[in-house]
Every structure is written in structure tokens, then in C-alpha cells.
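Chemist: Kindly return the folded structure for what I paste below:
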Amino acid sequence: MSMNRLDGRVALVTGAASGIGRATARRLTEEGAAVLLTDVNEAAGAAAAAELRDGGARAEFTRHDVVSESDWEAACAKAKDLFGGLDVLVNNAGMGDLAPIEETTLADWERTISIDQTGVFLGMKVAAPLLKASAHGAVINISSIFGTSGGFGTSPAYHAAKGAVRTLTKNVALHWAAEGVRVNSIHPGFIDTPILDGARGTPFEQMMIDLTPMGRLGRPEEIAAGVAYLASDDAAFVTGLELYIDGGYIAR
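Modeler: Numbers count the residues shown, from 1 in each chain. A predicted model of the protein is given here:
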């Protein structure tokens, strides 16, 4: 990949130690961006950044808890110090569970909401000055098909948070539309990432495949391709969009 649509731009990708975040960081560097990878997993995050640098990319890592406003301030300051600013923010960090509402504790609810929803709010709030100073400001919030559908009837906190990300994205897109900062959400379907390792070869994995009209799990690189599009000038007239990369799940 050498489209160079993001030459000279700086991106910050949360949850970049593995899965969709790591694939996204790789794709953005392939398209010319300098990338600050962030995660709470220091060892894996540092290794991901080192791998990109070994391939000639401009990439660095910093530990970053997305529920901490001070961590957000430090991460944005590091992007500016290392690379000169911030053009692209990818709010990817997240978590989920499979408990039904009766078994979801208040602590579980609050933890999921804080990471999946509040972390996105904090990212946009803290990064706002840098994004507005950019001539190419773009935010891509990773929501989910479960931000729109009821899924399996489980994981109420995850659904609530991802649904909030969907509408928060539209709200901020309208607020920033005249200021040159575009804000869009991506809604992945069932993606083959390490989070599914425990489901390999199980009926649950087969159920996800069966529920996907295209008959397979998605790849992290397919989500990363959507991020790269929304971050680039190819999407210069696109804001407030919800982009489904789900093998047809929502179309059922």
C-alpha cells in the first residue's frame, strides 16, 4: 500500500496494541501519516510501534488510559511534541462482555461506559484545539453494529455505549462542520481479532459467521481501510456518516 493520501499528517490511534487499532496504525503509516499509537498494554503497544519503525514508518507509542483526562492531555501533547500537531484522531479503544442485563453489575456497567463512551468524549474534547488548528482535521470513532441493533440481547452496557458513540459522532460533526473538522463513525461487524481467540472453533464463532451474509468474519485490515478513507481528502465532503463494514449484517 502506497497511496500516500495522508502524507504529512499526524494521527493518534487508541487501542493500537492489537486488532483493529494495530491494523489501523499500520494502514495510516502506509498512506504516509506519522502515528502515535496508544494503549494500556505497554509491551504490545511498544512492540507494534517498533515494528512500524522497522519498516520505515514514523510511529511512536505512549501508554494511555482513555478514561483519564490527564492521560488524554499527555497523549495529545506528545503528538504535538513528536510530530508537530494532530490531524487525525481514531477513537478505537474499547471493551465488551456477554452478560445479560440481570447479571450486569453496576461496576461492570460503569467500566464499559467509561471506556467505550466516555473515552470517546474525552478524546474529542481534549484533542479539539489541535484538530481545529489542522487544515485536515478528521475524527473516526469506532462504534459497532451493536450501536444500531440489539444484537443477541446481551451486553447492555456495550450496546448503550456504542449507540451513544453513534449519536455523539453526529452531534460533534454538526458542531464542527463549519470549522473544518470532520467526524464520522465506523460500525464493524464480527471481526477476526485476538478478542475472539477464546471462541475459535466454537458454536459462538459459527453463529457469528452464520449471521453475516457474506459468510465469514471480517479482517482488521478491512476496518483500517475504512478509517484511511475517512481520514483522507477522498472523504472531504463526508461528515456525520456511519460507515458499516459488516459483511451485510445490518442489511438483513
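Chemist: quick one: the spatially closest residue to Asp65 that is not a sequence neighbour from Leu12, how far?
Modeler: Counting by Cβ to Cβ, 6 or more residues apart in numbering, Asp65 lies nearest to Asp71, which is 4.9 Å off, once chain neighbours are set aside. To be clear about C-beta, it is placed using only N, CA and C from the backbone, and glycine gets the same treatment. Going from Asp71 to Leu12 by Cβ to Cβ, to the nearest Å gives 12 Å.
Chemist: again, but for Gly248
Modeler: In terms of Cβ to Cβ, Gly248 sits 31 Å off from Leu12.
Chemist: can you check Ser68 too?
Modeler: Distance from Ser68 to Leu12, by Cβ to Cβ: 15 Å.
Chemist: More neighbours: which of the two?
Modeler: Leu12 (29 against 15; other Cβ atoms under 10 Å).
Chemist: which SS state does the closest residue in space to that one that isn't next to it in sequence fall under?
Modeler: Excluding the flanking residues, the one nearest Leu12 by Cβ to Cβ, 6+ apart is Leu36, at 4.7 Å. Leu36 falls in the strand class when you classify it by DSSP: H, G, I helix; E, B strand; the rest coil.
Chemist: Could you tell me the per-residue confidence at Leu36?
Modeler: Note on Leu36: pLDDT of 99.
Chemist: do the same with Ile145
Modeler: 98.
Chemist: Then Met3?
Modeler: The model's pLDDT for Met3 equals 74.
Chemist: ok, now which ones touch the residue lying closest to it once chain neighbours are set aside?
Modeler: The spatially closest residue to Met3, leaving aside those adjacent along the chain, is Glu31, at 5.4 Å (Cβ to Cβ, 6+ apart). For Glu31, the contacting residues are 1, 3-7, 228, 232, by Cβ atoms under 8 Å, 6 or more residues apart in numbering.
Chemist: can you do 10 Å?
Modeler: 1-7, 9, 11, 224, 227-229, 231-232 (Cβ atoms under 10 Å, 6 or more residues apart in numbering).
Chemist: how close does Gly8 sit to Val88?
Modeler: 11 Å.
Chemist: quick one, strands of the stretch 51-200 of the chain?
Modeler: Assigned by DSSP state E, counting those that start in this stretch, the stretch 51-200 of the chain shows strands spanning 59-63, 88-91, 138-142, 182-188.
Chemist: Of those, give the one that comes closest to Ala127.
Modeler: strand 88-91 (5.0 Å; Cβ to Cβ).
Chemist: For that closest one, which strands pair with it and how are they oriented?
Modeler: strand 10-13 (parallel), strand 138-142 (parallel) (DSSP bridges).
Chemist: coming back round to it: which residues do Asp71 and Leu12 both contact?
Modeler: 38, 62, 64.
Chemist: of the residues you listed, closest to Glu103?
Modeler: His64 (30.4 Å).
Chemist: So what's the residue count around the closest one?
Modeler: By other Cβ under 10 Å, neighbour count at His64 equals 26.
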